[in-house]
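**Q** dropping the sequence and predicted coords here.
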Amino acid sequence: MHSTSPPANDGLPARASEWLVALADHPEDETLRAGLQRWLAASPANRRDWEEMSALWQGLGEIGTLAGEDRGTTRERLPARRVRRRALGAAAGLAVALGLAFAWGPDLLLRLEADQVTATAEVRSLVLDDGSRVELAPRSAVAVDFSARERRLRLLQGRAFFVVAAGDRRPFIVATRGAEARDIGTAFDVATADDATEVAVREGIVEVTRPGAPGAAELRAGDWVRIERSGATGRGQVEAESVGAWRRGRLMVENRPVAAVVDALRPYFPGTVVLVGDRLARQPLTGAYTLSDPVGALRAVASAQGASVHRVSPWLIVIAGD
């Protein structure tokens, strides 16, 4: 049984997500509303967290201004039961939608185009007709197009690690929407996203080209290149042994934007991860994270940047910063 109102003391909520739930439970409680106003006034960070979380909550289902603030508009004051029902209905709707999305996995067109597709947190090892090996990361998809002239694979989504079999004279090519990696007897990692393709070499040599652009980037052990859809490129070096570390359950990053690190962790979390704040997204990050604990890894990423983490539901995490 719930009490008619929460305690007006140290038992008051301490985080924006907790305030939202408490107010949905007790929308008429003036003591609770007064406590929220004191909490908002206590620090700019509290107010920022509240604004971000309330915007997200209202986006799931219009439930009025729970804080009771005057924002220049007139809203009908809903009975407590209706407010609570809308809040729960919005949350339930989100849970059902996310559940259906991840039950079906990648969209049907991707499945029709791909030869192999992996689910959340699934790593799959493949042996190709020529003896080459492919390790497909979670939420990834690849199509194999071998012919008499070349061994071509299309990485349609996600990430894969390739160990190319020697002795076959046909070129071994991995293509994404933004680049092509041509193997010269090697082991290498390729990742693709909407905005860029990344290639890193563990051993041997790989030539990376961008369709329509002259020249090729030659990568050797420990080299990596990032080719953005805009045409911008970046290059660097890492320890060769760290290339493909995700296959051993570790994500190792060096001076990478927070947005890129969160993108790499998303396939291991069975739900949605929302990153709020352009400045936070651009911040450089170096670290090693355990992929078997994606929630812990996301909390570590946020902690390193002084950002906040809100576990809105088992299927939704919001990381918020400046």
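**A** Good, I have the coordinates. Please read all numbers here as calculations on a predicted model, not as lab measurements.
**Q** at which residues are the strands of the stretch 151-300 of the chain located?
**A** Applying DSSP state E, counting those that start in this stretch to the stretch 151-300 of the chain gives strands spanning 151-163, 172-175, 180-192, 196-209, 217-220, 223-228, 233-237, 250-257, 272-276, 284-290.
**Q** now do the buried residues in the third one.
**A** When neighbours are counted by 16 or more other Cβ atoms under 10 Å, the buried residues of strand 180-192 are found to be 180-183, 186-192. (Each C-beta comes from the backbone N, C-alpha and C, glycine too.)
**Q** let me know the angle separating it from strand 223-228.
**A** 80 degrees (axes from the mean of the first three to the mean of the last three Cα atoms, to 10 degrees).
**Q** what strands line up against strand 180-192, and which way round?
**A** Listed by DSSP bridges, the sheet partners of strand 180-192 and their directions read strand 151-163 (antiparallel), strand 172-175 (antiparallel), strand 196-209 (antiparallel).
**Q** redo those as CSV? Include distance to residue 276 and mean pLDDT.
**A** Listed next are the strands paired with strand 180-192 as CSV, based on distance: least, Cβ to Cβ, whole Å; pLDDT from 0 to 100:
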stretch, distance to residue 276, mean pLDDT
strand 151-163, 24, 96
strand 172-175, 34, 95
strand 196-209, 21, 94
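**Q** which one, of those, ends up nearest to residue 265?
**A** With respect to residue 265, and counting by Cβ to Cβ, the nearest of the strands paired with strand 180-192 is strand 151-163 at 12.0 Å.
**Q** show me how far that closest one is from its chain's centre.
**A** Using Cα atoms, centre = their mean, to the nearest Å, we find the averaged C-alpha position of strand 151-163 to lie 20 Å away from the chain's own average C-alpha position.
**Q** now, among the buried residues of strand 180-192, which is nearest to residue 271?
**A** When those are compared for distance to residue 271, the smallest value, 21.0 Å, is given by residue 191; criterion: Cβ to Cβ.
**Q** which residues does the closest one contact?
**A** For residue 191, the contacting residues are 137, 158-159, 197-198, 264, taking Cβ atoms under 8 Å, 6 or more residues apart in numbering as the criterion.
**Q** stretch 222-240: which residues count as buried?
**A** Within stretch 222-240, the residues that qualify as buried by neighbour count (16+ other Cβ under 10 Å) are 222-228, 238, 240.
**Q** could you identify the most distant pair in those?
**A** 228 and 240 (24.0 Å).
**Q** for the stretch 1-150 of the chain, which residues score under the pLDDT cut-off?
**A** Scanning the stretch 1-150 of the chain for pLDDT under 70 picks out the ranges 1-11, 17-18, 20-22, 24-27, 51-108.
**Q** many thanks, I have nothing further to ask.
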